[in-house]
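J.: coordinates only, sequence not included:
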């Protein structure tokens, strides 16, 4: 059994992959194993991966025979990890030198910890922007109830590649429900509902913006305009109903004090049948403005 594992997924990421792996090798706290699942890459990715398996026994690569997609590929990589603590990693970012050390030292008795990310452009140049700022996120890092509401009704401010989880969380979080689109939303929301999540307001990742990210591009929106647009929106989309339903299916593992919040969110997303339901939801959001958006 290892102490620290890294789960890295790849798919035609040769352009940035070597830089990312080198940033893993340069960590102030070394890892014990790097588990890589390649999703049938056709560029130079597999050649690069072989270079590292040949020179570092900690690097273990699994080549998929069929393309699984990013969510299922991450789940596979996580299942193959043997560490007590598992850090998630994307192929095109860069880790700051204290990435692992910061997460490991701050997870405490929580099941999941996440740090902030600093945005960089295609060439790796800093653009003086943080992911938390873009997402209008300004919550206390250990206030799971407030964070739960922020994710449930507004947006997910957390990047999977800035997360570390305890191994025991895998037994609860996997398999990722097929109805849930993004693994990072699922992990953060579920850990919050268990009152076992903590956020560190410190950049640990350099998040590359190049238009090909699996989670899409991110552009900063004015805080108040973004909130107002969200409150008056007609479509409740963003896959939140599916996430809430999936969390409700884990009710036996949820912290008892969070069950009213889950019921509240379930009612909110079921209220989408007409004008009166939408008006009721708008009134709810306005009444709970501070706890959701503040």
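T.: Great, that's in hand. Keep in mind that this is a model prediction, so the values were computed, not measured.

J.: use CA for all of it now, contacts and neighbours both
T.: Fine.

J.: what's the weakest-modelled helix or strand in this protein?
T.: Scoring the helices and strands of the chain by mean pLDDT, DSSP states H and E places helix 223-231 at the bottom, with a mean of 53.

J.: hang on, residue 207 in a helix?
T.: No: applying DSSP: H, G, I helix; E, B strand; the rest coil, one finds residue 207 to be strand, outside a helix.

J.: neighbours of it, just the number please.
T.: Other residues lying near residue 207 total 27 when counted by other Cα atoms under 10 Å.

J.: equivalent analysis for residue 249, please.
T.: Applying other Cα under 10 Å, we find 11 other residues in the vicinity of residue 249.

J.: and it, how far is that from residue 262?
T.: Distance of residue 249 to residue 262, given as Cα to Cα, to the nearest Å: 11 Å.

J.: likewise residue 167?
T.: For residue 167, the distance to residue 262 equals 25 Å [Cα to Cα].

J.: residue 108 too?
T.: Here the distance between residue 108 and residue 262 works out to 25 Å (Cα to Cα).

J.: who's more crowded, these two?
T.: residue 262 (21 against 14).

J.: run a quick check on the more buried one versus residue 248, I expect a contact.
T.: Yes: with contact defined as Cα atoms under 8 Å, residue 262 counts as touching residue 248 (6.7 Å).

J.: would you say residue 115 is within a helix?
T.: No: secondary structure assignment places residue 115 outside any helix; it is strand (three-state DSSP).

J.: what about it, how many residues close to it?
T.: Here the count is done by other Cα under 10 Å, and residue 115 has 26 residues near it.

J.: what pairs with it across the strands?
T.: Following DSSP bridges, residue 115 is listed with bridge partners residue 200.

J.: swap in the one 4 residues further on?
T.: For residue 119, the beta-bridge partners are residue 207 (DSSP bridges).

J.: what residues are up against residue 251?
T.: residue 259 (Cα atoms under 8 Å, 6 or more residues apart in numbering).

J.: any low-confidence regions in the stretch 1-150 of the chain?
T.: In the predicted model, the stretch 1-150 of the chain carries pLDDT under 70 at residues 1.

J.: now the helices: where do they sit in it?
T.: Here the stretch 1-150 of the chain has its helices, by DSSP state H, counting those that start in this stretch, at 14-25, 45-55, 70-80, 99-106, 131-134, 144-153.

J.: next, residue 249: phi, psi?
T.: phi -70, psi -10 (degrees, to the nearest 10).

J.: in stretch 245-258, what's buried?
T.: For stretch 245-258, a neighbour-count test (16 or more other Cα atoms under 10 Å) marks 245, 246, 247, 248, 254, 258 as buried.

J.: in strands only, show me these.
T.: With strands defined by DSSP state E, no entry of those lies inside them.

J.: next, format the residues you listed as CSV and append distance to residue 283 and pLDDT.
T.: Below are the buried residues of stretch 245-258 laid out as CSV (distance: Cα to Cα, whole Å; pLDDT from 0 to 100):
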residue, distance to residue 283, pLDDT
245, 22, 95
246, 26, 96
247, 25, 96
248, 24, 94
254, 27, 94
258, 22, 95
